[in-house]
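K.L.:
this is a predicted model, with the sequence first.
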Amino acid sequence: MQDINIKANLHSVLTNIPDGVDLVAVSKTHPIEMIKEAYQAGQRKFGENKAQELILKAPQLPDDIEWHFIGHLQTNKVRQIIPWVNLIHSVDSFKLLQEISKEAVKANRTIDCLLQLYIAKEETKFGLDLKEAQELIGLFRTNQLRNVVIRGVMGMATNTEDEGLIASEFKALKSYFDELKAEFFIEGDKFDTISMGMSSDYELAIACGSTMVRVGSLIFGARSYPV
Ligand SMILES: *Cc1c(COP(=O)(O)O)cnc(C)c1O
């Protein structure tokens, strides 16, 4: 294993994060020993992007960990993650939200969800545009889906060195959040989360209005295989 001081890494990231912004430690591909180290240093929110990996790791780790699902989620994988997951960042269709609701009702759990919006100038990223997000929330309302709460939005900026481009994408996500909040939610609704920012851009994301950053490699080191 690489020589990595997880506790020190965690603390240096936390130093850059103001009150009111949550840190999700992205532990995908890393072994449970490393997650335990972060847990012992006080971290409670962890992010995984594969259903199979989440359901393998979660049962071996303390109950008070809050698991975040941050990867693309297929409807046929929903059932297996429902017992473990607290917040799904990657809702990108009404069909997926319906499935989450159905399985959450069966499991007698309530699952928080974010709508993944497409902000990058890249073909490969998943997500909704603003109009699709508005339609999805409309359907969510008229169908009165139970046991799911739409808490906000998530987005991923273009993978580029161009900070100006990244900042403009983050600002777009913040403005989509503001529009959706104004159109569909009232004061007191728990529509309060903007998940944006990763190791390379979390400080910029916070400056642009992020309330939740997803940081992996700065805490756990480089991943040994690409995902
Ligand atoms: C892997 C991943 C991250 C963390 O990436 P780092 O660059 O290691 O911080 C954040 N968000 C999503 C959706 C990811 O898949």
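P.N.:
Here it is on my side, so go on. Just so it is clear, the model here is predicted, and its values are computed rather than measured. Numbering: from 1, shown residues only.
K.L.:
where's the residue minimising distance to the centre of the chain relative to the ligand, distance?
P.N.:
In the chain, the residue lying closest to the centroid (C-alpha atoms, centre = their mean) is His89, at 3.7 Å. In this view, His89 and the ligand are 7 Å apart by C-beta to the nearest ligand atom, to the nearest Å. To be clear about C-beta, it is placed using only N, CA and C from the backbone, and glycine gets the same treatment.
K.L.:
bridge partners for the nearest residue in space to that residue that is not next to it in sequence, pull those for me.
P.N.:
Of all residues not flanking His89 in the chain, Met154 sits nearest, at 4.2 Å (C-beta to C-beta, 6 or more residues apart in numbering). Using DSSP bridges, the beta-bridge partners of Met154 come out as Gln116, Ser195.
K.L.:
who's in contact with Met154?
P.N.:
Counting by C-beta atoms under 8 Å, 6 or more residues apart in numbering, Met154 touches Ile70, His89, Ser90, Leu114, Leu115, Gln116, Leu117, Ile194, Ser195, Met196.
K.L.:
what of Thr160?
P.N.:
Ile166.
K.L.:
swap in Ile219?
P.N.:
Ile6, Asn9, Leu10, Val13, Ala25, Val26, Ala38.
K.L.:
most surrounded residue in those?
P.N.:
Ala25 (28 neighbours; other C-beta atoms under 10 Å).
K.L.:
name the strands paired with the helix or strand containing that one and say parallel or antiparallel.
P.N.:
Per DSSP states H and E: Ala25 is located in strand 22-26. Sheet pairing here is set by DSSP bridges, and for strand 22-26 it gives strand 45-48 (parallel), strand 212-215 (parallel).
K.L.:
which elements pack onto the next helix-or-strand element following that strand?
P.N.:
As assigned by DSSP H and E, the chain's next helix or strand after strand 22-26 is helix 32-40. For helix 32-40, the packing partners by 3 or more C-beta pairs under 8 Å, 6 or more residues apart in numbering; DSSP states H and E come out as helix 6-15, helix 217-220.
K.L.:
near the ligand, which residues of this protein show up?
P.N.:
26, 28, 49, 70-71, 156, 198-200, 214-217 (C-beta under 6 Å from any ligand atom).
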